[in-house]
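[1] Dropping a prediction and its sequence here:
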Amino acid sequence: MPTSPVRHAQETDFDPVQVALWKDLLAARAEVRRRRRSPGRQALSQSHVLLLAALEAYIACLVERDRPVPYALRDEVRLWRCAIQGDRLPRRASTPASPAP
């Protein structure tokens, strides 16, 4: 069954900005994986922030071009936003026990 030239052009013409942002996203994910294996929490936290920025830039590109945003990407952004926000909250060494009545 022959395909229409318009449909074929849409499937094979890639937006160079979108491709570059996708490559940035893949590089950010690779950096997080690399940092997980090395010592130093600060460097890992920074790579998480860069990954979130790459995810948000890629999603913004999709939205700007009226392309669908996969649910997995939306969920991943939500997860990283919460994780990064949680990292910035002060932590307690232990939860104080409530006094017995």
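    Yep, that arrived.

[2] worst-scoring helix or strand of the chain, pLDDT-wise?
    helix 5-12 (a mean of 51; mean pLDDT, DSSP states H and E).

[3] Spell out the residue ranges of the strands in this structure.
    Counting by DSSP state E, the chain has no strands to list.

[4] Show me the longest helix that occurs in it.
    Criterion DSSP state H: the longest helix present in the chain is helix 41-64.

[5] And it, what does it pack against?
    helix 16-36, helix 71-88 (3 or more C-beta pairs under 8 Å, 6 or more residues apart in numbering; DSSP states H and E). Heads up, the C-betas are built off the backbone N, CA and C, glycines and all.

[6] which outside residues touch it?
    15, 17-18, 21-22, 24-25, 27-29, 31-32, 34-36, 68-69, 73-74, 76-77, 80-81, 83-84, 87 (C-beta atoms under 8 Å, 6 or more residues apart in numbering).

[7] Low-confidence regions, the chain specifically.
    Along the chain, segments meeting pLDDT under 70 span 1-13, 40-41, 87-101.

[8] Residue 36: what's it in contact with?
    Contacts of residue 36 by C-beta under 8 Å, 6+ apart are residue 44.

[9] Residue 43 versus that one, what's the distance?
    Distance, residue 36 to residue 43, by C-beta to C-beta, to the nearest Å: 10 Å.

[10] for residue 15, same thing?
    Distance from residue 15 to residue 43, by C-beta to C-beta: 32 Å.

[11] ok so, going back, may I see the helices and strands packed on helix 41-64 organised as CSV, with distance to residue 60 added?
    Converted to CSV, the helices and strands packed on helix 41-64 look like this (distance: least, C-beta to C-beta, whole Å):
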stretch, distance to residue 60
helix 16-36, 9
helix 71-88, 11
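
[12] Just name the most buried of those.
    helix 16-36 (a mean of 14; mean count of other C-beta atoms under 10 Å).

[13] and that helix with helix 41-64, angle?
    160 degrees (axes from the mean of the first three to the mean of the last three C-alpha atoms, to 10 degrees).
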